[in-house]
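1. no sequence for this one, just the structure:
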């Protein structure tokens, strides 16, 4: 009888040990799965954080002239100092002669380009941009031709400004820039020499 009790006790201990080992293996496997999943989400988030997007929006209106401009962009953050990518540009403007000497007309300007932002300090951004913009040149400065052909302007823009951060990803750039392609040798220019722009970055 005593031997039977010993055998039963040993059998129960063996079963309990086996169950405990299986449970520990299950826990280890579950922890490993959670760890792999967490690492996967973290790596995906780190990858997505390398991309930046945003843009600028501008407008102006008077009694006889108005315009709306939007410049969205999509870029890649190479590191905390340099972001580069592509831009798209669309501008709409209209002119209404208050004296009714000429016919009212409007204009559509569109195109795209490449840009680079350098952040030597957290509060400072240096912006470089090259665009190709298609527009209809209504006037050569002396005469107005509403049937004029469309042509291309190639502004090369460089400037700097103040960067205001709201989070690690979200911020605003207040830029003052110069169009180096606005020269006396060139007859047509979409942008004036001095450009001021507010750009939102996400």
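-> Happy to help now that I have it. Remember, it's a predicted structure, so these values are computed and weren't measured experimentally.
2. tell me the SS of residue 46?
-> helix (DSSP: H, G, I helix; E, B strand; the rest coil).
3. quick one: it from residue 179, how far?
-> 37 Å (C-beta to C-beta, to the nearest Å). Quick note: C-beta positions are derived from backbone N, CA and C, even for glycine.
4. ok, now residue 55?
-> Per C-beta to C-beta, residue 55 is found 19 Å from residue 179.
5. repeat for residue 57
-> In terms of C-beta to C-beta, residue 57 sits 19 Å off from residue 179.
6. domain parsing for the protein?
-> Per automatic domain parsing, the domain ranges recorded for the chain read 1-48, 49-201.
7. Mind putting those domains into TSV with mean pLDDT?
-> Formatted as TSV, the domains of the chain follow (pLDDT from 0 to 100):
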stretch	mean pLDDT
domain 1-48	55
domain 49-201	87
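8. Need the winner for burial among those domains.
-> Compared across these, domain 49-201 shows the largest average neighbour count, a mean of 15 (mean count of other C-beta atoms under 10 Å).
9. Can you measure across that domain, start residue to end residue?
-> Domain 49-201 has an end-to-end distance of 12 Å (criterion: C-alpha to C-alpha, to the nearest Å).
10. residue contacts, the residue nearest to the spatial centre of the chain?
-> By C-alpha atoms, centre = their mean, the chain has its centre lying nearest to residue 53, at 1.6 Å. Shown in contact with residue 53 (C-beta atoms under 8 Å, 6 or more residues apart in numbering): 72, 73, 74, 75, 202.
11. can you pull out the strands in this protein?
-> Ranges of strands in the chain, per DSSP state E, are 51-61, 65-77, 82-95, 105-121, 124-136, 150-153, 156-165, 171-179, 194-201.
12. what's the fifth one packed up against?
-> Applying 3 or more C-beta pairs under 8 Å, 6 or more residues apart in numbering; DSSP states H and E, we find strand 124-136 packed against strand 82-95, strand 105-121, strand 150-153, strand 156-165, strand 171-179.
13. What lies in contact with the shortest one?
-> Right, the one you point to is strand 150-153. Counting by C-beta under 8 Å, 6+ apart, 111, 132, 133, 134, 135, 136, 137, 181, 188, 189, 190, 191 sit against strand 150-153.
14. The fourth one now?
-> Around strand 156-165, the neighbours that count as contacts under C-beta under 8 Å, 6+ apart are 119, 122-131, 171-181, 191, 195.
15. and which of the contacts of residue 53 is nearest to residue 103?
-> Distance to residue 103 across the contacts of residue 53 (C-beta to C-beta) is lowest for residue 72, with 32.3 Å.
16. ok, and the closest non-adjacent residue to that closest one?
-> residue 55 (3.6 Å; C-beta to C-beta, 6 or more residues apart in numbering).
17. shouldn't the one you found be in contact with residue 200?
-> Yes: assessed by C-beta atoms under 8 Å, residue 55 is found in contact with residue 200 at 6.5 Å.
18. Got phi/psi on residue 62?
-> phi -130, psi -170 (degrees, to the nearest 10).
19. distance of it from residue 69?
-> 15 Å.
20. Please apply the same query to residue 63.
-> 20 Å.
21. can you check residue 114 too?
-> To residue 69, residue 114 is 18 Å away according to C-beta to C-beta.
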